[in-house]
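Asker: show me the folded form of this:
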Amino acid sequence: RELLKGLYDNYHPAFLWAPEDFAWDGCEPVYQSLGYHLLKTPFGREAELYPELGLLLTTSGSTGSPKFVRQSYRNIRANTDSIVEYLKLDETERPITTLPMNYTYGVSILNTHLDVGATILVTEHGIAQREFWDFFRREGATSFGGVPYTYEMLDRMRFFRMELPSLRTMTQAGGKLQKELHRKFVEWCLEKGKQFIVMYGQCEATARMAYLPWEKSLEKVGGIGIAIPGGQFRLIAADGSEITQPGVTGELKYYGDNVTLGYAVCQADLRKGDDRGGVLETGDMAQVDADGYYTIVGRKKRFLKLYGNRVNLDELTMHLREKDIFDLTEVKYAILETNGQLSTLLYAKDRPANAKDAGIQAKETELPVTLISAGKLLEKNLPVAKRDRQWLDAELKKRNCTIRGALLLTVDAAGKIYLVRKEDVR
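Answerer: Next up is the predicted model:
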């Protein structure tokens, strides 16, 4: 009710559509159907809407706040047409619901399949329930969509042993799938004569911006593929110039009719027009290969600019782990060579062979846990590190730092803290 009150006070809606047993001060029911009723509010029709405004959706990062993405009728039409074209959808499709319908990926599945006259199989059961798969087989479902967690769950459920003769297509979006898991599903699909299609999108682009054609799914595993029909990507360098050569990291920009109008945080924003003009700064850093296929390498906020060069923290820590370096405090120098390889020099006390050479049995170590990244607290990692917020605040205070002021903070099982302040790398 607190979330609803915030939205109610910010947007002053004329009506609320709610369950029958829901009541709100100052509102009266004017229509009832299917266990829901329409409540008329005292605000009336005071809101002035931009004529092209079609839908408000929360982004993955704004759930619980009054911030919405403003999608136009044109945006929805353009993205629907593109998705129908590249997935080759027709009236014979029978997708089964696996995603919330207020989620941009979930609603795009509805829009595209309804547009071609397909049958949508609606279920309240989840993929971990037997009833879901009984319904799937009984009704002959042809496709489903999922986020990375969906496919992690399926992998643990021994999905690859299931007999699903009606299944034609699996789609994946909503975040990057682990490369090996991506490969595992692709190989199973190719063996079984089915299609596995990875897609890339954001609510700010209505839904989709890129897809990896299933024919290229094994060759380009780990990538997001190519721009959807009607869309275009460009990679922008740190100096603002366009990157055209393969293998060079740049900021990913997208151009297309599906780029949404902008954001809304209150009723006054609903009368705004198009703030973006068909151009979206995705916030992602990417590379393109010689064939024109794109791969996301990290988020822009996870990059540092050092001596004119962009350094990706995610990529850096990955390369260090490949060298069996899990503690950043051991690294004296890390040099990115011209061939793309990372060379490292450890501090003398941390160079290998000392424990082994001395005949000492080394204790098992665990991967340090990241608690702050780019000035944001990763709250879900606190219990993983067996720490709490009070402990973190105290440690930051000792170091005269704040969460916002920290670029990176990790802690290992022994309690060793590694902190990089934003001011240290400017």
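Asker: what about the residue sitting nearest the centre point of the chain, distance to Arg321?
Answerer: Within the chain, one residue has its C-alpha closest to the average C-alpha position: by C-alpha atoms, centre = their mean, that is Gly175, at 3.5 Å. Note on Gly175: its distance to Arg321, by C-beta to C-beta, to the nearest Å, is 20 Å. All C-beta atoms are positioned from the backbone trio N, CA, C, and that covers glycine.
Asker: same thing with Arg168?
Answerer: Distance of Arg168 to Arg321, computed by C-beta to C-beta: 38 Å.
Asker: and what of Trp17?
Answerer: Where Arg321 is concerned, Trp17 sits at a distance of 49 Å (C-beta to C-beta).
Asker: using CSV, write out every CA atom in stretch 177-189.
Answerer: Extracted C-alpha coordinates of stretch 177-189, given in CSV (Å, rounded to 0.1, in the frame of the first residue of the first chain):
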residue,chain,number,x,y,z
LEU,A,177,23.5,-15.9,-19.8
GLN,A,178,26.7,-17.6,-18.6
LYS,A,179,28.6,-18.6,-21.7
GLU,A,180,28.9,-22.3,-20.9
LEU,A,181,25.2,-22.5,-20.1
HIS,A,182,24.4,-20.6,-23.3
ARG,A,183,26.5,-23.2,-25.2
LYS,A,184,24.8,-26.1,-23.4
PHE,A,185,21.3,-25.0,-24.4
VAL,A,186,22.4,-24.2,-28.0
GLU,A,187,24.0,-27.6,-28.4
TRP,A,188,20.9,-29.4,-27.1
CYS,A,189,18.6,-27.4,-29.4
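Asker: can we start the residue count at 6 from this point?
Answerer: All set: I'll call the first residue 6, so the last point we hit is now stretch 182-194.
Asker: tell me the buried residues in that stretch?
Answerer: Neighbour-count burial for stretch 182-194, with 16 or more other C-beta atoms under 10 Å as criterion, is recorded at Leu182, His187, Arg188, Lys189, Phe190, Val191, Cys194.
Asker: coming back round to it: and for the nearest residue to the residue nearest to the centre of the chain once chain neighbours are set aside, the neighbour number?
Answerer: Taking C-beta to C-beta, 6 or more residues apart in numbering as the measure, Gly180 lies nearest to Pro153, with 4.8 Å between them; neighbours along the chain are not counted. Pro153 has 16 neighbouring residues, counting by other C-beta atoms under 10 Å.
Asker: so Pro153 sits right up against Lys181, yeah?
Answerer: Yes - counting by C-beta atoms under 8 Å, Pro153 does reach Lys181; the two are 6.8 Å apart.
Asker: among the buried residues of stretch 182-194, which ones are in helices?
Answerer: Secondary structure of these is defined by DSSP state H; positions in helices are His187, Arg188, Lys189, Phe190, Val191, Cys194.
Asker: from the buried residues of stretch 182-194, pick the one nearest Asp262.
Answerer: Distance to Asp262 across these (C-beta to C-beta) is lowest for Leu182, with 27.6 Å.
Asker: and Val74, how far from Leu169?
Answerer: Looking at Val74 against Leu169, where the rule is C-beta to C-beta, the gap reads 34 Å.
Asker: the more surrounded of these two?
Answerer: For Val74 versus Leu169, neighbours defined as other C-beta under 10 Å are more numerous around Val74 (22 against 16).
Asker: give me the element that one is part of.
Answerer: Secondary structure here is read from DSSP states H and E; on that basis Val74 sits in strand 73-77.
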